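Novice: next come a sequence and a model predicted from it.
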Amino acid sequence: QDILLEAIDIDEQCQEYIDRQAKVISIKNDKLSKLERNCKVLRHGIIVRKEDEPESFKDENILSWVIHGVIHWMDNIGMEKYSKYFADFEQPISGEKLTNYKN
């Protein structure tokens, strides 16, 4: 009987763990979808901003880059598949943050 109770307890613990992991995955997938949508918006904004402010996208102006400049730079160096991870409007990346990043 004790073994049966232990097995039931382990089964419940496993189910709770699986449920928690499913929620984490769901949250990550929702965030990734949001970031992918943001990236599309940003890429459109880059086109518009480059026409209005071409100087602001030059490498020598990295400290004044806002999120658009960072995404543009990443795309230009062949990292476009990673740029979506930086397309967060709630915690936007900037050129200053990029240059001050410490591992």
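Specialist: Yes, it's here.

Novice: pLDDT below threshold where in the chain?
Specialist: For the chain, the stretches flagged by pLDDT under 70 are 1-8, 102-103.

Novice: looking at it, which helix is longest?
Specialist: With secondary structure taken from DSSP state H, the chain has its longest helix at helix 2-52.

Novice: in space, what's closest to Trp65 - neighbours in sequence excluded?
Specialist: In this structure, Trp65 finds its nearest non-sequential neighbour in Gly95, 3.1 Å apart by Cβ to Cβ, 6 or more residues apart in numbering. For every residue, glycine as well, the C-beta is placed using N, CA and C.

Novice: tell me the contacts of that neighbour?
Specialist: The neighbourhood of Gly95, defined by Cβ atoms under 8 Å, 6 or more residues apart in numbering, consists of Asn61, Ile62, Leu63, Ser64, Trp65, Val66, Gly69, Val70.

Novice: how about Phe57, what does it touch?
Specialist: For Phe57, the contacting residues are Ile46, Arg49, Lys50, Trp65, His68, Gly69, His72, Trp73, taking Cβ under 8 Å, 6+ apart as the criterion.

Novice: hmm, try it at 6 Å
Specialist: Neighbour list for Phe57: Lys50, Gly69, His72 [criterion: Cβ atoms under 6 Å, 6 or more residues apart in numbering].

Novice: what about the closest residue to Val66 other than its chain neighbours, how many residues close to it?
Specialist: Setting aside the residues directly before and after it, Val66 is nearest to Ser94 in space (Cβ to Cβ, 6+ apart), at 5.7 Å. When neighbours are counted by other Cβ atoms under 10 Å, Ser94 registers 17.

Novice: same question for Glu12.
Specialist: With neighbours defined by other Cβ under 10 Å, the count for Glu12 comes to 10.

Novice: so how far is Asp19 from it?
Specialist: Applying Cβ to Cβ, to the nearest Å, the value for Glu12 to Asp19 is 10 Å.

Novice: ok, Gly69 next?
Specialist: Counting by Cβ to Cβ, the gap from Gly69 to Asp19 is 41 Å.
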